[in-house]
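# Predicted model follows, preceded by the sequence.
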Amino acid sequence: MARFLHLPHPDEPLEEDPLSGIANLFDVSVVFIVGLMITLFSVYRMGDLVDARSEVTLVKTNAQGEREIIVKKGTKITAYKVSGKTAVGDGERLGTAYRLADGQIIYVPETDGDAAP
């Protein structure tokens, strides 16, 4: 049995790879990044973004105040830039939007009895 197992002499110094600690740091950082992603998705309730059957609409505002509407239907993602220009054409009034004191916007659809003349 001893001829197959090579044990170093007790007085002989152990050889260590100086880069072995770097591989462990890389593994730890990958685990940390995955944990951070899972935490962010759960905190911001963004699980619907990765679900292929969900529909999500986001409104993004950059530092200059320009808005962009991002719509995800299934696996298709479409982005629309908000221009702020008034559109002209034939249409039908669908409802009214109200901005609350806390900044939240509420949309109230009109029923047939509430339609404006």
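Received it, and whenever you're ready, just let me know what you need.
# can you pull out the helices in the protein?
Assigned by DSSP state H, the chain shows helices spanning 20-43.
# okay, now the residue nearest to Ala97 when sequence neighbours are not counted: neighbour count?
Residue nearest to Ala97 in three dimensions, not counting chain neighbours: Tyr107, with 5.0 Å by CB to CB, 6 or more residues apart in numbering. Heads up, the C-betas are built off the backbone N, CA and C, glycines and all. As a burial measure, Tyr107 scores 9 neighbours (other CB atoms under 10 Å).
# now swap in the one 4 residues further on and tell me
Thr111 has 8 neighbouring residues, counting by other CB under 10 Å.
# And Met46, by the same measure?
A count of nearby residues for Met46, using other CB under 10 Å, gives 13.
# doesn't Thr39 make contact with it?
No: the criterion here is CB atoms under 8 Å, and Met46 misses it with Thr39 at 11.1 Å.
# For the spatially most central residue of the chain, give me the pLDDT.
Nearest residue to the geometric centre of the chain (CA atoms, centre = their mean): Met46, 5.6 Å. Note on Met46: pLDDT of 76.
# try Glu66
88.
# repeat for Gly113
60.
# Likewise for Pro10?
pLDDT, read off for Pro10, is 75.
# For Ala87, give me its contacts.
Not one residue lies near Ala87 by CB atoms under 8 Å, 6 or more residues apart in numbering.
# likewise the one 5 residues further on?
Contact analysis of Glu92 by CB under 8 Å, 6+ apart lists nothing.
# all strands of the protein, in order?
With DSSP state E, the ranges of strands along the chain come out as 55-61, 67-73, 76-81, 95-99, 105-109.
# Burial check on Phe33, number of neighbours?
Quick fix: residue 33 is Ile, not Phe. Neighbour tally, Ile33, other CB under 10 Å: 10.
# if we can go back for a sec, and the gap between the residue nearest to Ala97 and Val30?
Per CB to CB, to the nearest Å, Tyr107 is found 43 Å from Val30.
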